[in-house]
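Enquirer: Structure for the following, please:
(2 chains)
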Amino acid sequence: MSNRTDSPKPGERGRFDWSPHAQALGFEFVSSEKAWATLKLPFREDLVGDPDSGVIAGGAVTALLDHVCGHAVMMAIDFMTPIATLDLRIDYMRAAEPGLGVFAEAHCYKVTRSIAFVRASAWDKDKGDPVATAQAAFMINSDSGRRGSGHPPEATSGQAGAR
Amino acid sequence: MSDAAEQLDALLSRIPYARYLGMRAELAGDEMTAILPFATHLIGNPTLPAIHGGVLGAFMEMTALAQISIMQGLTRQPRPIDISVEYLRPARPLTTYARAEIRKIGRRIANVHVEAWQETRANPITLLRGHFLLSPKEEI
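Expert: Residues are numbered from 1 along each chain as shown, chains lettered A, B, ... in the order given. Predicted coordinates for the structure are as follows:
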C-alpha cells in the first residue's frame, strides 16, 4: 500500500476477500453501493451454535454483522484506510432456521472525520423478518496529512486507545 | 474432574462453532476462564495483524453462555437476546482469555458482563454486556 488505494466501487467485492476470518467463515459477496453493503454467510455444519436445534451460532452472525458494517464504512469513504470497531450492539430477534444461510445488509449513514456510524440487519428467508439487527460505530483514520500516504495501520490502533 | 468441569467440557465440545474457533475453558472452583488460542483463521486485519472483531464478540458471547450454563446446570443453552460489545484495544495475535460475571439472574433472563484480555488482565481488550434468555423454548 505505497499509494492511495481507492475504496471499492459500487458492485465491487472489496474488503471482505482480504480478511482471513471472512474467508474462513465463507462470507459471500452479494452487492454493494455507496455506503451500503450486503454479504451472505452460507450455512455450514461447523458453524452451528446449538447442536440440539442445528441453528447457526449467534457468534457467527455477530462476525457477519461486524464485517458487513465494516464493509459499508469502506463503501462510504472514498479511500482505503484502516478502520476499527468501537462498539457493536446486536439484538437477536429470533433464531435463524436450521440449515439456512444468513444474509446481512449494512448502511453507513453518517461519517465524521474520525467516526463512522452504521446500522445493519440480518435475515435468512425474508428481509422483513430479521434474525438480528445491529448498530455500530467505527473509528476511521483521520485524513489530516495522512490521507493516501499508506500510513501504517498502527495509527488506527493508537486512536482506538492502544498501548 | 468435578461435575461442573465435566459439564463445561461436554458443553463446549458439543458446540461446533466453539470447536471451529478453538475455544476452551478452565474451571477453578466456580470461576471459569475461557481461552481462545490464536490461530490464523481468526485474523480480521492481516496488516496489523489483529483478530477479527466478530471473533471476539462471538468468543465473549459463548463465554457468557457457558458461565450461565455451568452456574445454572442447564441442559439447554440459553439464547442471546441482545449484546453490546466495546472494543478498547486491538486484539493482537496472542491467546485471548475471558471471564464472565453474572450481574443478575432471574427466572427467565440473565444479565452478564464479560471481559476479555490478552497479556494483562487489568488491560482488557474488549467488554461485552448482554441479556440471555434462560428458557430457549419460549419466544422472546
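
Enquirer: all strands for the chain, in order.
Expert: Just going to use chain A. A:28-33, A:36-41, A:48-50, A:55-56, A:83-92, A:102-111, A:115-123, A:132-140 (DSSP state E).

Enquirer: right idea, wrong chain: chain B
Expert: Counting by DSSP E, the strands of chain B are B:24-28, B:31-36, B:43-45, B:50-51, B:79-87, B:96-105, B:109-117, B:126-133.

Enquirer: so how far is residue A:25 from residue A:101?
Expert: 11 Å (C-beta to C-beta, to the nearest Å). Bear in mind the C-beta positions are built from the backbone N, C-alpha and C, glycine included.

Enquirer: any shared contact partners between the two?
Expert: Among the neighbours of residue A:101, those also in contact with residue A:25 (C-beta atoms under 8 Å, 6 or more residues apart in numbering or on different chains) are residue A:41.

Enquirer: Of the two, which one has the most company?
Expert: Comparing residue A:101 with residue A:25 by other C-beta atoms under 10 Å in any protein chain shown, the one with more neighbours is residue A:25, at 26 against 17.

Enquirer: Was I right to think the more buried one contacts residue A:40?
Expert: No. With contacts counted by C-beta atoms under 8 Å, residue A:25 stays clear of residue A:40, the gap being 10.7 Å.

Enquirer: Residue A:42 contacts residue A:26, correct?
Expert: Yes. In terms of C-beta under 8 Å, residue A:42 counts as a neighbour of residue A:26; the distance is 5.5 Å.

Enquirer: Low-confidence stretches in chain B?
Expert: B:1, B:74-75, B:136-140 (pLDDT under 70).

Enquirer: Could you check how many residues crowd around residue A:44?
Expert: 15.

Enquirer: before we move on, what about residue B:20?
Expert: By other C-beta under 10 Å, neighbour count at residue B:20 equals 22.

Enquirer: Check the gap between the nearest residue to it once chain neighbours are set aside and residue B:135 for me.
Expert: Using C-beta to C-beta, 6 or more residues apart in numbering or on different chains and skipping residues adjacent in sequence, the residue nearest residue B:20 is residue A:46, 4.8 Å away. Distance of residue A:46 to residue B:135, computed by C-beta to C-beta: 27 Å.

Enquirer: And for residue B:76, the neighbour number?
Expert: So residue B:76, with other C-beta under 10 Å, has 13 neighbours.

Enquirer: distance of it from residue A:65?
Expert: 24 Å.

Enquirer: which one of the strands of chain A is the most hemmed in?
Expert: With neighbours defined as mean count of other C-beta atoms under 10 Å in any protein chain shown, the strands of chain A peak in mean count at strand A:55-56, which reaches a mean of 28.

Enquirer: Partner strands of it and their direction?
Expert: strand A:48-50 (antiparallel) (DSSP bridges).

Enquirer: Read off the pLDDT value for the residue nearest to residue B:20.
Expert: Per-residue confidence (pLDDT) for residue A:46: 90.

Enquirer: Test my guess that it contacts residue B:21.
Expert: No. Judged on C-beta under 8 Å, residue A:46 makes no contact with residue B:21 at a distance of 10.0 Å.

Enquirer: Settle it for me: which of the two has more neighbours?
Expert: Ranked by neighbour count (other C-beta under 10 Å), residue A:46 and residue B:21 place residue B:21 first, with 25 against 11.
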